[in-house]
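Colleague: fold the following, please.
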Amino acid sequence: MSTAVSYGTQARAPTPCQPLTCRLEFCATAGAVPCARSLAKRIIVQWGRPDVADVAELLVSELVTNAVHASAGLPAPVVRLWLVAEHDDVIIRVWDASVHMPRRQNAAPESEHGRGLMLVESLSKQWGACRKPSGKVVWVQI
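Modeller: Have a look, this model is predicted:
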């Protein structure tokens, strides 16, 4: 009986199916933000991307916070979060029913608000927003 021996190679773990996706829906309340942040971080770590989990957590927090604020007063205040991991990228998408597109602001040093999209811009490879028939999606790539 012979045994095959391989030199210079290691067995690799099977590559998971790509892309990895997750979709979550929240009532647009303040409680949605910590839930979305926590779930997103845990999912991204489970996907084997702990290197971007902290940044993803912060970006999800910013985008969901903005979506919750944009949803105030709407008849169906819902926020949807999509996470996608493919190749070396993680994409975060947040939908809300508001038609008002996000605007990057130049906040004064003493201002308590207006820095969220500057933070999104500085921590991401790219970001953007697009109108949908029933609202908008803001996305970020890390």
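Colleague: show me where this structure has strands.
Modeller: Secondary structure of the chain (DSSP state E): strands located at 20-27, 78-86, 89-96, 126-132, 135-141.
Colleague: mind listing the strands the longest one pairs with, and their directions?
Modeller: Strand 78-86 pairs in its sheet with strand 20-27 (antiparallel), strand 89-96 (antiparallel), by DSSP bridges.
Colleague: so which bits of that strand are buried?
Modeller: Across strand 78-86, burial judged by 16 or more other Cβ atoms under 10 Å covers 78-85. Just so you know, the C-beta spots here come from the backbone N, C-alpha and C atoms, and that holds for glycine as well.
Colleague: contact partners for residue 24?
Modeller: By Cβ atoms under 8 Å, 6 or more residues apart in numbering, residue 24 lies in contact with 36, 39, 80-83.
Colleague: what's the closest non-adjacent residue to the residue nearest the centre of the chain?
Modeller: With the centre of the chain defined as its mean C-alpha position, the nearest residue by Cα atoms, centre = their mean is residue 92, 2.8 Å away. Leaving aside its sequence neighbours, residue 92 sits nearest to residue 140 (Cβ to Cβ, 6 or more residues apart in numbering; 4.9 Å).
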